[in-house]
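*Asks:* Test case, fold it:
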Amino acid sequence: MALVAVTLCVATTGTLGVASAAPPPSPAAQAARTAAAQGVRDGYPGTLVYARNGADAALAAAGVADTASGEPARIGDRFRIASNTKSFVATVLLQLEAEGRLSLDDSVAAWLPGVIQGHGNDGARITLRQLLNQTSGLYDPTTDPAFFAPYLQRHDWGYVYRPRQVVATAVAHAPTHAAGAAWTYSNTNYLVAGLVIEAVTGHSPSREIQQRILTPLGMAHTSFPITDPQIHGPHLHGYDLSGNDVTRFSPSYDWTAGAMISTLADLARFDRALFGGELLPLAQQRELETPAAAPGAHGYALAVRHLTVDCGSRQVPLRETDGGGPGFTSISLTSQDATRQLIMVGNVFDLGKDLENQPAVPPSSALGPAQTAVFCSGSPARAGGDVASRTIGGGGRAGGGVTAGQR
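*Replies:* Residues are numbered from 1 along each chain as shown. So this is what the prediction gives:
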């Protein structure tokens, strides 16, 4: 077995003393280091992991950020977070509701008159809540291989789709079902949600996310590119299953459905704030975490899914977001009380395979032991649906099911 280099950064509390040997790694550090190394052994060129149990927190990186240069993966490397973006968008809309500027029970037509109509689509019958919990029935053009022809066939990696162009393409199709009648994952829902943010605030969603979330939380390494296909600053390169570098890829088609770029530490800070009640009043927090009642929802709430981890004698509830898009896959798990977290990132996602309904990522056993170590141990360290079989970030356009990631 080849050796895997692991870079580890540990943040723990304790008393400094004189010792002749380095102390053993903390449980979080051991979990992060082991998972990162396993991800590389399983086929990811590079893997990043964040693990936290109360005050015991650690970040680890293994493998390489760039297969061409051999540049090692580092814990501060940026990566595309794909559909993890959706929870930022849902947070902004919930904040706007808390401010009395909208209601999630408003119809889409109330804010975007004439945008959702025709071919059986009717924005007057779709609520903002149904956008966020994926029960609107709006068609998703990103499930059609022809949609990605500019990138995957012509290799025009900078090709730009405009949000309204993608929404118009969606509305040219009949809905998959009546609003509220079923759960069907569709990126169109979150593009429309982005347009609603613009209509309500008069500002771009990226500006609202920056002012409401990124700046207050000090997330200096997180960005929301609109058309720029590059990742700037230190970053992982992303690959398909054949090893082709697909890092350079226009985020325009994904916009408020999945265009953001972040780091382990920044994403962990956001999820800790979101599930710890720092960003939303109690009423909106309850809305965020209330699963849709429609058939097929399987615990999906507003860009957040309820899962459980099997700890033997008990089932531990978790809140989960994930994302898979060209070159990158990630999963973020947070305990219900936000005292424990696990984030895993791998730099492989094969969009072409995904569009063929084939696995888009290498199968990996890294997640199971890590989630057990983080969520099944004793009480959190103090300062002073079973997910064990999942791959790092799932894989598949269905979005957040037991074996599917969110593109």
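
*Asks:* make it CA atoms for all contacts and neighbour counts henceforth
*Replies:* Noted.

*Asks:* Now do the contacts for the residue nearest to A292 when sequence neighbours are not counted.
*Replies:* Of all residues not flanking A292 in the chain, A301 sits nearest, at 5.5 Å (CA to CA, 6 or more residues apart in numbering). A301 makes contacts with 132-133, 287-292, as judged by CA atoms under 8 Å, 6 or more residues apart in numbering.

*Asks:* try it again with 10 Å
*Replies:* 129-130, 132-134, 286-293, 319 (CA atoms under 10 Å, 6 or more residues apart in numbering).

*Asks:* which among those residues end up buried?
*Replies:* 129-130, 132-134, 287-293, 319 (16 or more other CA atoms under 10 Å).

*Asks:* From what I see, F79 and Y239 are in contact.
*Replies:* No - under the criterion of CA atoms under 10 Å, F79 is not in contact with Y239, lying 11.8 Å apart.

*Asks:* which one of these two has more residues nearby?
*Replies:* F79 (28 against 25; other CA atoms under 10 Å).

*Asks:* Neighbours of H173, how many?
*Replies:* H173: 16 surrounding residues under other CA under 10 Å.

*Asks:* would you list every one of the helices in the stretch 301-407 of the chain?
*Replies:* Along the stretch 301-407 of the chain, counting by DSSP state H, counting those that start in this stretch, helices occupy 351-355, 367-375.

*Asks:* So for the longest one, what gets flagged as buried?
*Replies:* Of the residues in helix 367-375, 367-368, 370-375 count as buried by neighbour count, 16+ other CA under 10 Å.

*Asks:* As PDB, could you dump the C-alpha coordinates of stretch 54-65?
*Replies:* In PDB, the C-alpha atoms belonging to stretch 54-65 read as follows (Å, rounded to 0.1, in the frame of the first residue of the first chain):
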ATOM      1  CA  GLY A  54     -17.200  20.500  21.100                       C
ATOM      2  CA  ALA A  55     -13.900  22.300  21.700                       C
ATOM      3  CA  ASP A  56     -11.900  19.500  20.100                       C
ATOM      4  CA  ALA A  57     -11.600  20.500  16.400                       C
ATOM      5  CA  ALA A  58      -9.100  19.500  13.700                       C
ATOM      6  CA  LEU A  59      -8.600  19.900   9.900                       C
ATOM      7  CA  ALA A  60      -6.600  17.500   7.800                       C
ATOM      8  CA  ALA A  61      -5.500  17.300   4.100                       C
ATOM      9  CA  ALA A  62      -4.100  14.400   2.300                       C
ATOM     10  CA  GLY A  63      -2.900  13.800  -1.300                       C
ATOM     11  CA  VAL A  64      -2.400  16.400  -3.900                       C
ATOM     12  CA  ALA A  65      -4.200  19.600  -5.000                       C
END
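
*Asks:* What's the mean pLDDT across that stretch?
*Replies:* For stretch 54-65, mean pLDDT is 97.

*Asks:* same question, stretch 370-389
*Replies:* 67.

*Asks:* try stretch 337-345
*Replies:* For stretch 337-345, the per-residue pLDDT averages 97.

*Asks:* For that stretch, which residues meet the burial criterion?
*Replies:* Those buried within stretch 337-345 under the rule 16+ other CA under 10 Å are 338-345.

*Asks:* What about the residues you listed, which are in strands?
*Replies:* Secondary structure from DSSP state E places 340-345 of the buried residues of stretch 337-345 in strands.

*Asks:* Just the closest of those to G233, please.
*Replies:* Closest approach between these and G233, by CA to CA: V345, at 17.5 Å.

*Asks:* ok, back up a step: now for the buried ones among the contacts of A301: which two are most distant?
*Replies:* The most widely separated members of these, counting by CA to CA, are Q130 and R319 (19.4 Å).

*Asks:* Understood, closing this out.
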